[in-house]
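Novice: can't give you the sequence, but here's the structure:
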């Protein structure tokens, strides 16, 4: 047996710990509602192919502007109605969930990939690195976010890659600030000194000693941020700067049908409810997690 | 205090300079691209070169930047490609319209969110507190475009009592202002409420409040005379920073309701690649954002008795 093994106490497998923290969430009703909403949409996204009664882009000319609950000539029901091209709105919402739940977490992940190392480096190393990175972060954060998105995306073109890059660019400074603050607090702990005395490399200390201990506030932030990125992608779609059509995207669906929404409101109302419930899920989940983490 | 204000002003100017450089680089580093945007995709090579030459685009980049910045400082951003008039002629009236919208929103948001926040924070954990907190989470979860659609569905489609567009073509009308303000308020008040609540809840746990209660003061006096003063310092900053947030919000709301404001102008300029108008709008937006941030900082230090400068 090595010294290393003696130093570290035995830990439960990661999965068991994750399950335990979900079980903890049971104490927070709000958190459970949020968790259920998110889980619902994740399952919808995963099983979209089985759940959607129609293909998301399939058009039926006889069903244009069909009201919710209309029955097509071939016997199929359009539960939430059809849009201006005769596409089933329910199927488009179901497939839209998959798109939103792919790009929003992906963009958030990229933002973390950029923001976390910078925050760790600035908080742990201090000095000029901190000054330079903080200055850059402050400049980006001083932009009204949507103004930044609109200018960047209209200049470089609306595509999935550009949206992910723009979200990363605009969100990373916020993540940087949080991680930097947490690191400033954690860098004076004994276990960091112990690791320094052992002669560990700075990146080992930042990633293995500091980052795991900063996870609490970061997990809450991830939930809030994914929710916010979902809104952002929705807003961009709504403004006509979002993910390219014809594949369904909730914001885009609202934009396409907006002008007719006063006469056929279901075309815009149902995607609105979908996006709001998903964002609400993430926000409630974050609130529940914060509540639980403050309790112990 | 003076040193602090001057230093904050310095940071503000520095930020503006860096932003202007970035903006200039993104939009104008490609000279050929500028010519295409201004003269249109069907202009000939000679026309473009002639235009570029006449407007000094073959000078070195830094000279162009300095000249551009100098003109921008005196309010000359060039001519809008789309409207065919100087940018400032389009910009200022639009900015005024957005000012009206923002002012109306703030007039609702500030009393509403401060009131609810104080009520919630006064008795942390009470039923009232929980319901106010949940309401504010729910309203901030609904994106503005979604609440715009839902609210119009109710008031325009279903009840038919309010107009669905706010283009104000027949002169200014308060009725047309109701829906845009409602949407902005719904999205904004939750955040300020939660911040006020947190600040109030924190103050309520302090020793001086406990002392005031224990010495037998009426609860109302404790709240009004002792708690409120200290609890409302933090929300002041939040409200100032909220203006930055509002600048993003007006883009969506003005687009949806066809309101002729600054946000819609910025979007229109971006979608049409109206390059000089984009530059002007972006600079104004950043100026407003950075300016309110500075006011928030200075105001906070001025109001907070715990921070004093020699």
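Specialist: Cool, the structure landed. Owing to the predicted nature of the structure, the values given are computational and were not obtained by experimental measurement.

Novice: for residue 150, give me phi and psi.
Specialist: Since no chain was named, I'll use chain A. Taking degrees, to the nearest 10, you get phi -60, psi -50 for the backbone angles of residue A:150.

Novice: think we crossed wires, I meant chain B
Specialist: According to degrees, to the nearest 10, residue B:150 has phi -70, psi -40.

Novice: what residues does the stretch 1-150 of chain A have near chain B?
Specialist: A:30, A:138, A:139, A:142, A:143, A:144, A:145, A:146, A:147, A:150 (Cβ under 8 Å from any Cβ of the partner chain). Heads up, the C-betas are built off the backbone N, CA and C, glycines and all.

Novice: give me that answer again for 10 Å
Specialist: Of all the residues in the stretch 1-150 of chain A, those in contact range of chain B (Cβ under 10 Å from any Cβ of the partner chain) are A:29-30, A:33-34, A:37, A:135-136, A:138-150.

Novice: am I right that residue B:77 is in a strand?
Specialist: No - checked against DSSP: H, G, I helix; E, B strand; the rest coil, residue B:77 lies outside a strand; its state is coil.

Novice: quick one: residues contacting it.
Specialist: Shown in contact with residue B:77 (Cβ atoms under 10 Å, 6 or more residues apart in numbering or on different chains): B:68, B:71, B:86-88, B:90-91, B:275-281, B:283-284.

Novice: restricted to helices, list those.
Specialist: When the contacts of residue B:77 are checked against helices (DSSP state H), the matches are B:68, B:71, B:87-88, B:90-91, B:275-281, B:283-284.

Novice: from these, which is closest to residue A:179?
Specialist: For the ones in helices among the contacts of residue B:77, the closest approach to residue A:179 (Cβ to Cβ) belongs to residue B:283, at 30.7 Å.

Novice: around the closest one, count how many other residues there are.
Specialist: Residue crowding around residue B:283 was assessed by other Cβ atoms under 10 Å in any protein chain shown; the count is 18.

Novice: contact partners for it?
Specialist: Counting by Cβ under 10 Å, 6+ apart, residue B:283 touches B:16, B:19, B:20, B:23, B:69, B:72, B:73, B:77.

Novice: measure the last one to chain A for me?
Specialist: For residue B:77, the distance to chain A equals 15 Å [Cβ to the nearest Cβ, to the nearest Å].

Novice: same check, this time on the fifth one
Specialist: When distances are taken as Cβ to the nearest Cβ, residue B:69 and chain A turn out to be 17 Å apart.

Novice: residues touching that residue, list them.
Specialist: Contact analysis of residue B:69 by Cβ under 10 Å, 6+ apart lists B:16, B:17, B:20, B:21, B:24, B:283.

Novice: pull out the buried residues from the residues you listed.
Specialist: In terms of neighbour count (16 or more other Cβ atoms under 10 Å in any protein chain shown), the buried residues within the contacts of residue B:69 are B:16, B:20, B:24, B:283.

Novice: check what pLDDT the most centrally placed residue in chain A gets.
Specialist: In chain A, the C-alpha closest to the average C-alpha coordinate belongs to residue A:226, at a distance of 2.0 Å (Cα atoms, centre = their mean). Residue A:226 is assigned 93 on the pLDDT scale.

Novice: what about it, which SS state?
Specialist: With three-state DSSP as the basis, residue A:226 sits in helix.

Novice: put the buried members of the residues of the stretch 1-150 of chain A next to chain B into a PyMOL selection.
Specialist: Selection of buried members from the residues of the stretch 1-150 of chain A next to chain B for PyMOL, criterion 16+ other Cβ under 10 Å:
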select buried, chain A and resi 30+33+34+37+138+139+140+141+142+143+144+145+146+147+148+149+150
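
Novice: re the thing from before, distance of the residue nearest to the centre of chain A relative to residue A:210?
Specialist: Note on residue A:226: its distance to residue A:210, by Cβ to Cβ, to the nearest Å, is 23 Å.

Novice: returning to that earlier point: and of the contacts of residue B:77, the nearest to chain A?
Specialist: Here the nearest of the contacts of residue B:77 to chain A, counting by Cβ to the nearest Cβ, is residue B:278; it sits at 6.2 Å.
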